[in-house]
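>>> fold the following and give me the result.
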Amino acid sequence: MATTGSAHLGAVDLHCEPNNTEHHTEEIGTERLIVRRGQAFRLSVEFKRPAFVEDKDQLKLFLDTGPSSSEAGRIRIEAVKSTAKRGKWTYNVEPARGILHLTVCSPANACIGLYKMQLLFYPSGGEGLQQVVAGTFYLLFNPWCKEDSVYLADKDLREEYVLNENGIVYRSFCLPLLWNFGQFEKDVIDICFEILDNSLSALKEPSSDALKRCDPSYISRILTAMVNSNDDKGVLSGRWDGEYDDGTPPTKWNGSLPILRKWSSTGAERVRYGQCWVFAAVACTVLRCLGIPTRCVTNYSSAHDCDGNLKVDHYFKSDDCTRTLPSRKDSVWNYHCWVESWMTRPDLPSGFDGWQVLDPTPQERSDGIFCCGPCPVKAIKEGHLDINYDAVFIFAEVNADVVYWFVNKDGTKRELSVKQNQVGTQIVTKSAFSDKRECITLNYKYPEGSKEERDIYNHAGKTIQPTNKQYQSLKVKIKQVYAVLGSDFSVYFEIANYGFVDKDIHMVLSATAVTYSGAILKEFCKRSTTFMLKAASEKKEVLRLRYEDYGDHLSEHNLIRLTAMLLTEDMSEVSLKEKEVVLKVPQLAVKVDGEPILHKKLAVQIKFVNPLPIPLTRGVFSVEGSGLTDLQQIESPKATINVGEEVVVTVTITPTKTGLRKLIVDFDSNRLRNAKGFANIIVRRA
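Residues are numbered from 1 along each chain as shown. Sure, this is the predicted structure:
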């Protein structure tokens, strides 16, 4: 407090609890003020004069924001004494006995960030100026405010995409992974702004960056760069080769909090390691914390098109039908995760407001750095590839053609087939109304093969391939029984000749361990045979896959690619079918012992049974849950877990928030990772 005369202003009460409750930030805490833009908040100031004379006493409000390290770079705002709300910071004074009540309101397009309030009092009696630091507060985006560019009208959608601290991220075909977003844990808001402050833009031009923080499209694009660490002091380092000894395997993470806290506590050192769903989930935490409605999205059979030609090429050797690696890095991922955020796009022509694709996984550079988006989902569906940002790359992820080639010994190539419906087979997110999956494929693309879809391809500048339009009489289907990791199981191939003549067929069946990003690890089973298939007849083949053959070669995603290739003797007809199988890992059993009461200890029992035909070592259980417990890690009480053996551990948690909470558990060992489990826990007050 600074003064040149008598001290007329005393203590300031920021009314954190009622203000935070009205601004939907009370879950972060009520010890400090956290409010949303475009919405009023109140504070009270002790007043030590007999009365405040409206026309003579003057009270002014100033707000400072921007770079805290530089006085010269500080942004100072003088609030206008008015009840009008639009376009300016405003305040109103209501005197009472011994106290001044102030109502402060920010414009709906104010810059988010940390603000410091200062009050200047000019008394009517001619005494000196008094200056009081009234306190600090965070200002966030406001999806409850109609004038805010992130306004989301539907209450249920706000509850899910802003306020829900738990969620589901879908990985290998529609398998739900529970995730603890934890955006309202007390320290997360500080870490979110720390991330923004460490961006290349903020470090290079801090004042300019601060002034742009009114724009959710700017903020979200910055975050797609900062969640990965490829170009800056970003949060996560990506790795896909299975070598994680110097960090944490991506499959072990159950939530964003340990990642964000580790990054912050180590002075913005990158956290090892993440893959697409981890990048997306961490981005979702940060965006929800800042007030931007956000959801995680999974695209199955997601194309990674490096050269922008909207094609992904796969090559096989013509002599033995073995897959060969191309020189380019085009690939089709079993799945790929990104996020969508809700906002208006005044920087674009009309019609592109709403959900925007943001992809923090480092795949290709955009404007020189690894970032992607925001890109309107509507632009992807309608083929407007000139719309900012990165529409060409995202369009290919859900629409690219897959082209199969034979490569001859002399290096020449022969096109086998073009699959125009193999990419973007299903696009899903968690429903806002339950824990079920919601299909949003039609938000991104018209039905496969429809006239609208073909028109969009043409609009996108893509020529539809006329290749292989001739009738194909050879067909193959691939089916398998429910496959559990550690078991032997059978794969069934149904081969049909729908033609009118008998055909001599060379058939190649294979099973290959692959990563979810499409990288080949090991072809562990292959069978070639030649036979005659009569016209209008069918034949079945069985491939038996044994754990002793595949167990040593799987990635942590437990993916096996099945391939069937049929070739007629004269090579006039080729039929190719591929399918990827995810081996299931049994869930952990989680049991809560007792009644969950706020701030009282609660015992939770976790049970694991070794499903593999080999012993396991180095077993570790991980437990976390927003409002329940920070990350706990417990070593297995048994150093070696034998085949079929059961391990039971008990952990103690102390709930810190009421309501429905999710406890998420994980088990990892030397040969088995990604065993998950959860418990829904309803916490009540004593």
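>>> can you confirm Val590 is in a strand?
Yes. Assessed with DSSP: H, G, I helix; E, B strand; the rest coil, Val590 lies in a strand.
>>> pLDDT value on it, please?
Per-residue pLDDT puts Val590 at 97.
>>> same question for Glu94.
Looking at Glu94, the pLDDT reads 93.
>>> tell me which strands the host helix or strand of it pairs with, and in which orientation.
Per DSSP states H and E, Glu94 falls inside strand 90-96. When pairing is defined by DSSP bridges, strand 90-96 lines up against strand 80-81 (parallel), strand 99-105 (antiparallel).
>>> give the buried residues for the last one.
Within strand 99-105, the residues scored as buried using 16 or more other C-beta atoms under 10 Å are Leu100, His101, Leu102, Val104, Cys105. Any C-beta I mention is one placed from the backbone N, CA and C, and that applies to glycine too.
>>> equivalent analysis for stretch 554-570, please.
554-568.
>>> low pLDDT regions in the stretch 351-500 of the chain?
461-471 (pLDDT under 70).
>>> now do the helices in it.
Ranges of helices in the stretch 351-500 of the chain, per DSSP state H, counting those that start in this stretch, are 377-382, 391-399, 441-444, 451-459.
>>> number of residues surrounding the residue nearest to Lys475 when sequence neighbours are not counted?
Leaving aside its chain neighbours, Lys475 sits nearest to Ala496 (4.7 Å; criterion: C-beta to C-beta, 6 or more residues apart in numbering). The tally of other residues near Ala496 (other C-beta atoms under 10 Å) stands at 18.
>>> so who does Ala496 touch?
Leu474, Lys475, Val476, Lys477, Ser537, Glu538, Lys539 (C-beta atoms under 8 Å, 6 or more residues apart in numbering).
>>> ok so Thr251 is a strand residue?
No. Counting by three-state DSSP, Thr251 falls outside a strand, being helix.
>>> model confidence for it, exactly?
94.
>>> with adjacent residues omitted, what lies nearest to it?
Looking at Thr251 with C-beta to C-beta, 6+ apart, the closest residue is Asn674, at 4.2 Å.
>>> separation between that neighbour and Ser172?
Distance from Asn674 to Ser172, counting by C-beta to C-beta, to the nearest Å: 10 Å.
>>> anything in contact with each of those two?
What both Asn674 and Ser172 touch, as defined by C-beta under 8 Å, 6+ apart, is the set His557, Asn558.
>>> next one: the strand holding Glu94 to chain centre, how far?
43 Å (C-alpha atoms, centre = their mean, to the nearest Å).
>>> could you pull out the buried residues of that strand?
Thr90, Tyr91, Asn92, Val93, Pro95.
>>> how close does the residue nearest to Lys475 get to Glu580?
Distance from Ala496 to Glu580, by C-beta to C-beta: 22 Å.
>>> cool, and Arg76?
Counting by C-beta to C-beta - Arg76 and Glu580 are separated by 58 Å.
>>> remind me, longest helix of this protein?
What stands out as the longest helix in the chain, according to DSSP state H, is helix 276-290.
>>> average pLDDT for that helix, rounded please.
Per-residue pLDDT over helix 276-290 has a mean of 98.
>>> could you point out which element follows it?
By DSSP H and E, the next helix or strand past helix 276-290 is strand 294-304.
>>> that next one: how far from the chain's middle?
9 Å.
>>> all helices of the stretch 501-650 of the chain, in order?
Under DSSP H, counting those that start in this stretch, the stretch 501-650 of the chain gives helices at 547-550.
>>> please apply the same query to the stretch 151-300 of the chain.
155-158, 188-197, 200-204, 206-211, 216-226, 257-265, 276-290.
>>> correct me, but Met532 touches Asp504?
Yes. In this structure Met532 lies within contact range of Asp504 using C-beta atoms under 8 Å: 5.3 Å.
>>> contacting residues for Asn228?
Gly234, Val235, Leu236, Ser237, Gly238, Gly274, Phe279, Pro360, Thr361, Pro362, Phe370.
>>> one more time with 6 Å, if that's ok
Residues near Asn228 by C-beta atoms under 6 Å, 6 or more residues apart in numbering: Gly234, Leu236, Pro360, Pro362, Phe370.
>>> ok, Arg76 and Glu580, which is more surrounded?
Neighbour totals were compared for Arg76 and Glu580, and Glu580 leads with 22 against 11 (other C-beta under 10 Å).
>>> any low-confidence regions in the stretch 1-150 of the chain?
1-7, 68-73, 85, 125-127.
>>> quick one, helices of it?
16-22.
>>> and the strands in it, which stretches?
2-3, 9-13, 33-36, 40-47, 58-65, 75-78, 80-81, 90-96, 99-105, 113-122, 130-140 (DSSP state E, counting those that start in this stretch).
>>> output the longest helix of the chain as CSV, restricted to C-alpha atoms.
The C-alpha trace of helix 276-290 is given here as CSV (Å, rounded to 0.1, in the frame of the first residue of the first chain):
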residue,chain,number,x,y,z
CYS,A,276,-1.0,-39.5,-29.6
TRP,A,277,-3.7,-40.2,-27.0
VAL,A,278,-1.4,-38.8,-24.3
PHE,A,279,-0.7,-35.6,-26.3
ALA,A,280,-4.4,-35.2,-26.9
ALA,A,281,-5.5,-35.8,-23.3
VAL,A,282,-2.9,-33.3,-21.9
ALA,A,283,-4.1,-30.7,-24.4
CYS,A,284,-7.7,-31.4,-23.4
THR,A,285,-6.7,-30.7,-19.7
VAL,A,286,-5.1,-27.4,-20.5
LEU,A,287,-7.8,-26.2,-22.8
ARG,A,288,-10.6,-27.1,-20.4
CYS,A,289,-8.7,-25.4,-17.6
LEU,A,290,-8.5,-22.2,-19.6
